[in-house]
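Peer 1: structure for the following, please:
(one chain, ligands or ions: 1)
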Amino acid sequence: MPEAPAVAVNGPALGPSGSGGEMLELMRALYPICRSLTGDGVRETVRLVNAVVPLEVTEVATGTPIFDWTVPMEWNITDAWIADTEGRRIVDFRESNLHVVGYSTPVRERMRGAQLRERLHTHPEQPDWIPARTAYWANTWGFCVTEAQRDEIEPGCEYEVFIDSRLEDGHLTYAEAVIPGRTKKEVLLSTYVCHPSLCNDNLSGIVVLAFAGRRLKARDLRYTYRLLFSPGTVGPLTWLARNGDRLDRIAHGIVVACVGDPGPVTYKRSRRGHAEVDRAAAHVLCHSRPDSAIEDFVPWGGDERQFCSPGFDLPVGALTRSAHGRFPEYHSSADNFDLVTGGSLDDSLDVLLGIIDVLERNTTYVGTNQHGEPQLGRRGLYGEISAGVPRAEESFQRAILWALNLADGKHSLLDVAERAGLPFAVVARAADALADADLLREAAR
Ligand code: ZN
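Peer 2: Numbers count the residues shown, from 1 in each chain. This next block holds a predicted model:
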């Protein structure tokens, strides 16, 4: 892959990371953990992510009111199975944690197959896949199985059913990494940590965010970055409820999810539609990923729904590849290591860091010479725009002229790049050269 053009001002650009292998390695460590909305699975997940990017953990007690919600009981599970009368396990939690409906209440009883079958969920289209189901707020229990497993349950026979779970007063756990920049203005990057053994829909977001954190930590940053790892929906709501007086710090935000499959990148705009982060994402994708999709906000999908609810209306978009529910393996045992690739994870991280590069570097300049073009030749900034000039040089030359022409204190570099139809990095490089020659200075923010 060719090196992306460098953006010089804030240290090295965050180009292709080559971290796909390491991200898969972290994913393999996270995969077996039985995560849910609350419980030790979330804590263990956070502990493993902490090895990549240091996290601060917050525990919020069961029963704490969160807007229209309440922090639920904490759920933990150690074992579960369905066995026949000889003790042979037909369904075993130890083989896949997807076998138990998330938040199942504890059960130990004998029952007829006909009655038990009502508690079994299979995949509607794929008989060999185990579906992933939850019942967070329903006070019920159930098993998720393949069609073959369900067919083994004879309606007239008796079975023993065991779910060794605990639903009790405890805590909801979320974790944050705060990576300080030169300003207190924050970029919020958020993902969820509540799915059990599912690779694309959940683990991909966790590992990409963790490695983004590691890369950002190594950099001199303009913005402060807040990486939030929390259980879906109620996690962001809990965080929002506890940080209401500091939300005006959030300048930009991106929810990262489903970023490991081979599908093209999708960016979903914030509710505002044309926030700076929306424009930065559209610009990066348009110039680097011709097969990508930019979609308008809709009030369904992932945790952007909470950040973009009308009372907050934060400039938070969502980065995915094949979005929630749009790949056949979604919420099933087939969302595993056959679906995700190191290359896709790496590419997603690259896109995320590319958008961050633009946000970091997007500045408004004022030209020190507003009347006529300055004489570029004597400053070594003028090359003939004519046949035979290399294309990259020609782009740079045009970027110089656009950056000067729009240096009226009203246009940011992203405005310049959009209007010029040039990659942001080229425009930023031109602005650097002009600033070095004292032809541009930063407008007061
Ligand atoms: Zn999901």
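Peer 1: surely residue 46 forms part of a helix?
Peer 2: Yes - Residue 46 sits within a helix when classified using DSSP: H, G, I helix; E, B strand; the rest coil.
Peer 1: number of residues surrounding it?
Peer 2: 20 (other Cβ atoms under 10 Å). The C-beta positions use only the backbone N, C-alpha and C, and glycine is treated the same way.
Peer 1: secondary structure class for the residue nearest to it when sequence neighbours are not counted?
Peer 2: Nearest residue to residue 46, sequence neighbours excluded (Cβ to Cβ, 6 or more residues apart in numbering): residue 175, at 4.3 Å. Put simply, residue 175 is strand when judged by three-state DSSP.
Peer 1: partners of residue 175 in the sheet?
Peer 2: residue 57, residue 229 (DSSP bridges).
Peer 1: pull the contacting residues for the spatially most central residue of the chain.
Peer 2: Compute the mean C-alpha point of the chain, and by Cα atoms, centre = their mean the closest residue is residue 256, 1.1 Å away. By Cβ atoms under 8 Å, 6 or more residues apart in numbering, the contact list for residue 256 reads 189-191, 205, 208-209, 212, 318-320, 348, 352.
Peer 1: ok, 6 Å please
Peer 2: 191, 205, 208-209, 319 (Cβ atoms under 6 Å, 6 or more residues apart in numbering).
Peer 1: buried ones in the lowest-mean-pLDDT helix or strand in the chain?
Peer 2: One helix or strand of the chain scores below all others by mean pLDDT, DSSP states H and E: helix 391-405, with a mean of 90. Of the residues in helix 391-405, 395-404 count as buried by neighbour count, 16 or more other Cβ atoms under 10 Å.
Peer 1: would you format these as TSV with distance to residue 429 included?
Peer 2: Below are the buried residues of helix 391-405 laid out as TSV (distance: Cβ to Cβ, whole Å):
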residue	distance to residue 429
395	10
396	7
397	12
398	12
399	7
400	9
401	14
402	12
403	10
404	14
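Peer 1: out of those, who's nearest residue 143?
Peer 2: residue 395 (59.3 Å; Cβ to Cβ).
Peer 1: contact partners for the closest residue to that closest one other than its chain neighbours?
Peer 2: Counting by Cβ to Cβ, 6+ apart, residue 395 lies nearest to residue 426, which is 5.2 Å off, once chain neighbours are set aside. Contacts here follow Cβ under 6 Å, 6+ apart; on that basis residue 426 touches 395-396, 399.
Peer 1: any idea how far residue 426 is from residue 443?
Peer 2: 21 Å (Cβ to Cβ, to the nearest Å).
Peer 1: what do you get for residue 169?
Peer 2: Taken as Cβ to Cβ, the span from residue 169 to residue 443 is 54 Å.
Peer 1: so which of these two has more stuff around it?
Peer 2: residue 443 (15 against 10).
Peer 1: who's in contact with the more buried one?
Peer 2: If you count contacts by Cβ under 6 Å, 6+ apart, then residue 443 has 364, 366, 409 around it.
Peer 1: just the element for the residue nearest to residue 395, please.
Peer 2: Per DSSP states H and E: residue 426 is located in helix 424-436.
Peer 1: now that helix: buried residues?
Peer 2: So helix 424-436, judged by 16+ other Cβ under 10 Å, has buried residues 424-435.
Peer 1: could you dump those residues into CSV and include distance to residue 149 and pLDDT?
Peer 2: Listed next are those as CSV, based on distance: Cβ to Cβ, whole Å; pLDDT from 0 to 100:
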residue, distance to residue 149, pLDDT
424, 53, 97
425, 53, 96
426, 57, 96
427, 58, 97
428, 57, 97
429, 59, 96
430, 63, 96
431, 62, 97
432, 62, 96
433, 66, 96
434, 67, 97
435, 66, 97
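Peer 1: for these, which one is nearest residue 120?
Peer 2: Nearest to residue 120 among those, with distances taken as Cβ to Cβ, is residue 424, at 52.7 Å.
Peer 1: pull the contacting residues for the closest one.
Peer 2: So residue 424 contacts 283, 358, 417 (Cβ under 6 Å, 6+ apart).
Peer 1: try it again with 10 Å
Peer 2: 5, 7, 280, 283-284, 287, 354-355, 357-358, 361-362, 399, 413-414, 416-418 (Cβ atoms under 10 Å, 6 or more residues apart in numbering).
Peer 1: what does residue 198 give?
Peer 2: Applying Cβ under 10 Å, 6+ apart, the residues near residue 198 are 31, 35, 97-98, 132, 204, 258, 329-336, 339.
Peer 1: can you give the distance of the lengthiest helix in the chain from its chain's centre?
Peer 2: Secondary structure assigned by DSSP state H gives helix 342-361 as the longest helix of the chain. Relative to the chain's own centre, helix 342-361 is displaced by 11 Å; criterion: Cα atoms, centre = their mean, to the nearest Å.
Peer 1: what is it packed up against?
Peer 2: With contacts taken as 3 or more Cβ pairs under 10 Å, 6 or more residues apart in numbering; DSSP states H and E, helix 342-361 sits against helix 20-30, strand 186-192, helix 204-217, strand 250-256, helix 276-288, strand 316-320, helix 413-420, helix 424-436.
Peer 1: mind listing what's buried along it?
Peer 2: Quick answer for helix 342-361 (16+ other Cβ under 10 Å): 342, 344-361.
Peer 1: and if you look at stretch 42-54?
Peer 2: 42-46, 49-50, 52-53.
Peer 1: one more: stretch 155-171?
Peer 2: For stretch 155-171, using 16+ other Cβ under 10 Å, the buried residues are 159-163, 165, 167, 170-171.
Peer 1: dump that stretch to PDB, restricted to CA.
Peer 2: Only the C-alpha atoms of stretch 155-171 are listed here, as PDB (Å, rounded to 0.1, in the frame of the first residue of the first chain):
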ATOM      1  CA  PRO A 155     -41.300 -33.600  22.900                       C
ATOM      2  CA  GLY A 156     -42.300 -36.700  24.900                       C
ATOM      3  CA  CYS A 157     -39.000 -37.200  26.800                       C
ATOM      4  CA  GLU A 158     -37.800 -35.600  30.000                       C
ATOM      5  CA  TYR A 159     -34.700 -33.300  30.200                       C
ATOM      6  CA  GLU A 160     -32.700 -31.600  32.900                       C
ATOM      7  CA  VAL A 161     -32.100 -27.900  32.400                       C
ATOM      8  CA  PHE A 162     -29.500 -26.000  34.400                       C
ATOM      9  CA  ILE A 163     -28.500 -22.300  34.200                       C
ATOM     10  CA  ASP A 164     -26.100 -21.300  36.900                       C
ATOM     11  CA  SER A 165     -26.600 -17.600  36.600                       C
ATOM     12  CA  ARG A 166     -26.900 -14.800  39.200                       C
ATOM     13  CA  LEU A 167     -29.000 -11.700  38.800                       C
ATOM     14  CA  GLU A 168     -28.400  -9.500  41.800                       C
ATOM     15  CA  ASP A 169     -27.700  -5.900  42.900                       C
ATOM     16  CA  GLY A 170     -24.300  -5.000  41.600                       C
ATOM     17  CA  HIS A 171     -22.900  -2.500  39.100                       C
END
